[in-house]
Structure formats: structure tokens, C-alpha cells
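**Q** sequence first, then the predicted structure, then my questions.
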Amino acid sequence: MFAIALQVPLRAVKIRQLPLMLAPPQRQVNIKLLPAWLAYETLAVIAAILPSNQNASGAIGNCCGVYTVYGGLTAVVWSDLLQGAVLVLGGALVTVMRLRLIGDGNMVEGWRIFSEKNADRLHLVLPWNDPDLPWLGIFSGLWIGHCFYWGFNQFITQRTLGAKSLEQGQNGIFLACVLKLLIPFVIVLPGIMAAQLFGEKISDPDKAYPYMIAQVLPPQFRGVMFSALCSAVMSTYNSEINSASTIFTIDIYKRYLAPDASQKKQVVVGRFATAVFVVASCLWSPKISSFPGVFMYIQEVWGFILPGIVAAFFIGLWFPKTPAIAAQGAMMGLPIYAFCRFGRFCWLAGEETSAAPNWIVTFNEWSLLHHWGLVLFIQVAFMLLMTLWRPLRQAVVIPDKATIDTTVRPRIYVTGSVIIAVTLGMYLLFW
């Protein structure tokens, strides 16, 4: 699934070589960044045990911001490599130790006992009317989320653009696919174990994993795992603020405000933008605690932009005469998605929503995956109509395409096929 979603963008992504690194061009991978990274990891662990969520989020945000501003994409990539390794190994350690504990030292027996007691939770295919992940959602919206995140997301494609060749970029994506296939075993299964063992003691789902770490792991391993949790937060956070500053610098500042800005000037502006995004995100982060969970909050918010980005890329790749106004008009998906999710609040009567028609309330309660698919359909239809009505006189020609080797090696197809087969096997295993 992931390999298919990335095949098209990987071929196109090398077409436009953007100056993505916000560090000075001459700065290569600098080993001096490692001591700074270790220092900030220590601060992150301290932040994780602060009594206030606002203090903790601010401390972690500042840690990420300092080395992201200083090192740009270089620092982000190196920190992601180290933090990702800690997270995967730490998650695997929790799973192994918990299974051994359940099976009295025997992992195989532990898995048997665990799977029997949680048989109803070990399913990827849920009823069609499940409020969160119905099986129909795989076809209506789940694929849209994967295409967006793995194929069109700035802080994913940014790393692919940093590869020396198309083959290296594809190999990096394949490694990411393999690591992603480990997530059910190192993240999801421990979460199910936490619900089974400590469900009555955990009121906030976001605290389930840390609580289980504190209860299950011996003291000498707890610090490592709390560091891994902070690493997961920092890895995503520094990637996003670096990508946001890149988009601002290249697509707004360079294009509209200072077309003649030098590379050095862009670096300065990018670093300043990074600092601004750090402050803004730290100020907003405490507000997220009012939502049911961090993951669902992210999905809800991404829904405002996700269908539009996927529609723009798909139509732009396959219909080279699509005018820019088609993509701009597709932004109408923002209010449409807002109505899909929160339309019932237009009929507020005091603090109640009982004044809303029943069909509106029912429609708003659909899985967000269905709403993603509906908004995408409307946006694609609009863009195709605009293409038929006002097509460009000349098809857009991709610059410098002839200078880039886009030859796909045969083993790439083999590797991708193996990953797809393993993915399908996991669906069968957890059907």
C-alpha cells in the first residue's frame, strides 16, 4: 500500500530540486550536532516529568527549536535517525518484556494468552458502521490519508528530495515502509496490553503508554523509554517546523516578497520563521489537551487540507493543462469539510444542538474517513471541470527533466512487491 502510494510522487519528486536545507549550503553532516542532540534529549526527559502540560510542551518545543534553527534539515535528519532507532528498539523492548511476563518467561505462550484474551481487539477489519475505522473507510478515505502523508507531505518528500539519486530516495522510503510495518507490534500491541492491565486506572488514553512503562519496566529501563517517547514527539515536531519554515521561505517569501533574495538571505529568513513557528506552536499546544486524544485531534485538523492537497497532486500529475485557478478554487474544501464535521453547530440553541435536523447530526457522526472521500470527490470534480472549461494553452513542462536519471531499477519493483505482500499478509493475520 505504501509503496504504491509513493511510486508516482517518487518519480515526480526529483523533478524540482528545491533549496530545502535551511542550514548554510556548505554545511554538511556535522558530528558536532550530536552532543547538542544528546543534551536536548536530556532536557526532553526532564520536560516529560514536569507537573504542568504547558511547561512540558514548552520545554520540549524549545529543545526542538534550538537545534532545528541551528542545524536546519541536517540536524532534523540526524536527530530523526537516532530518535527513531531509540523509539523502535524501546517499543520492541516493552513488547518482548510484557509477552515474557504474561507467559511466565515464554514469549510464545505469552502471545497465545494475550491473543486469546484480546481476540476482539486484534482486528484491522472492523464493522462497516464503526465510528472510527469502518472497513468501508479503507476505500473511502484511508487511502487518501496514506497518499497524503507518504506521498505528498512536505516533511516526508523533503527527505526524499535530499537524496543523492532516485534509487537512494526509493531505498529510504522502503526502509520507512519496513519500520512502519513494525508499528503494530511496538506501539499498538503495548497499547492493548495497557488497556487490558490498567484500563480502569487510566483516564487519559494519551497517558496509557507512559503509565505501563512506569508499571512494567524495571527502573534502569524507564529513563530510556521515556526518552523514546520524547523522541517520538521531537521527531515529528522538528520535522514539521522545519518543513513549515521551508514552505514559507520558498513559496511565500521567495516567490512574493523578495524574488531576488540570495541563498544566504533565505537561510536567515528560514531560521527566523522556524523560531516564530516554535513560539506559536508552544503557545497553542496546551489547548490540544481539551480534545479526546492527540491522534484524533491530528486527524481532524489534517482533514481541512488533506483532500485538497491529494486532489491538486493527482490532477496536476495526470492533467498537465490544469490551470492554477482550479487548485485555488479547490480550497472550497475547507468550509465543506468544516460542515461535514461540525455542521450541526450551525443550529445551536443555547448550549444544545438539538435544533439541528436529524440528518445533519447523523451526517456529522460519520467516520471522518468518509468525509475525506466526499470532500476529495467534490474537489476533483471541480478541478476537472475547470480543466475542461479553461485549460492552459500549453501543457506544463517539467523543468530539467532530461538532466535527472529517473530510471527505476528492477529490484525496486521486487522490493516494493515484497512489502506489499507483507502488508497484505498482516491484513490476513489480523483480519
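**A** Perfect, thanks for sending it.

**Q** and the helices in the stretch 201-350 of the chain, which stretches?
**A** Assigned helices in the stretch 201-350 of the chain, in chain order: 208-216, 219-247, 263-284, 294-302, 306-318, 324-329, 333-342 (criterion: DSSP state H, counting those that start in this stretch).

**Q** now the third one, how far from the centre of its chain.
**A** Okay, so that is helix 263-284. Centroid displacement of helix 263-284 relative to its chain, using Cα atoms, centre = their mean, to the nearest Å, is 21 Å.

**Q** and Y427, what element?
**A** helix 410-429 (DSSP states H and E).

**Q** next, the buried residues of that helix.
**A** Using 16 or more other Cβ atoms under 10 Å as the test for burial, helix 410-429 gives I412, T415, G416, I419, T423. C-beta here means a position set from N, CA and C on the backbone, and glycine is covered the same way.

**Q** just give me the closest of the residues you listed to S289.
**A** T423 (33.9 Å; Cβ to Cβ).

**Q** worst-scoring helix or strand of this structure, pLDDT-wise?
**A** Every helix and strand in the chain was compared by mean pLDDT, DSSP states H and E; the lowest is helix 2-13, with a mean of 31.

**Q** related to what we said a few turns ago, can I get the buried residues of helix 410-429 in a markdown table with distance to L136?
**A** Putting the buried residues of helix 410-429 into a markdown table (distance: Cβ to Cβ, whole Å) gives the following:
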| residue | distance to L136 |
| --- | --- |
| I412 | 32 |
| T415 | 31 |
| G416 | 26 |
| I419 | 25 |
| T423 | 19 |
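
**Q** and G329, what does it touch?
**A** Contacts for G329 (Cβ atoms under 8 Å, 6 or more residues apart in numbering) come out as F382, M383, M386.

**Q** please repeat the previous calculation with a cut-off of 10 Å.
**A** P323, Q379, F382, M383, L385, M386 (Cβ atoms under 10 Å, 6 or more residues apart in numbering).

**Q** mind checking pLDDT for it?
**A** G329 carries a pLDDT value of 83.

**Q** likewise for T403?
**A** Value listed for T403 in the pLDDT field: 70.

**Q** can you check the one 5 residues further on too?
**A** Reading off the confidence values, V408 has pLDDT 84.

**Q** and it, helix, strand or coil?
**A** coil (DSSP: H, G, I helix; E, B strand; the rest coil).

**Q** so it makes contact with Q170?
**A** Yes: between V408 and Q170 there is a contact under Cβ atoms under 10 Å: 7.7 Å.

**Q** isn't G303 right next to H371, touching?
**A** Yes: with contacts counted by Cβ under 10 Å, G303 reaches H371, the gap being 6.7 Å.

**Q** now the common contact residues for those two.
**A** Residues touching both G303 and H371 (Cβ under 10 Å, 6+ apart): G141, Y337, C340, R341.

**Q** adding pLDDT and distance to D260, write those out as a markdown table.
**A** Shown next, in a markdown table, are the shared contacts of G303 and H371 (pLDDT from 0 to 100; distance: Cβ to Cβ, whole Å):
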| residue | pLDDT | distance to D260 |
| --- | --- | --- |
| G141 | 88 | 43 |
| Y337 | 92 | 38 |
| C340 | 90 | 43 |
| R341 | 89 | 43 |
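
**Q** including distance to K117 and neighbour count, could those go into JSON lines?
**A** Below are the shared contacts of G303 and H371 laid out as JSON lines (distance: Cβ to Cβ, whole Å; neighbours: other Cβ atoms under 10 Å):
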{"residue": "G141", "distance to K117": "31", "neighbour count": "24"}
{"residue": "Y337", "distance to K117": "39", "neighbour count": "25"}
{"residue": "C340", "distance to K117": "38", "neighbour count": "19"}
{"residue": "R341", "distance to K117": "35", "neighbour count": "18"}
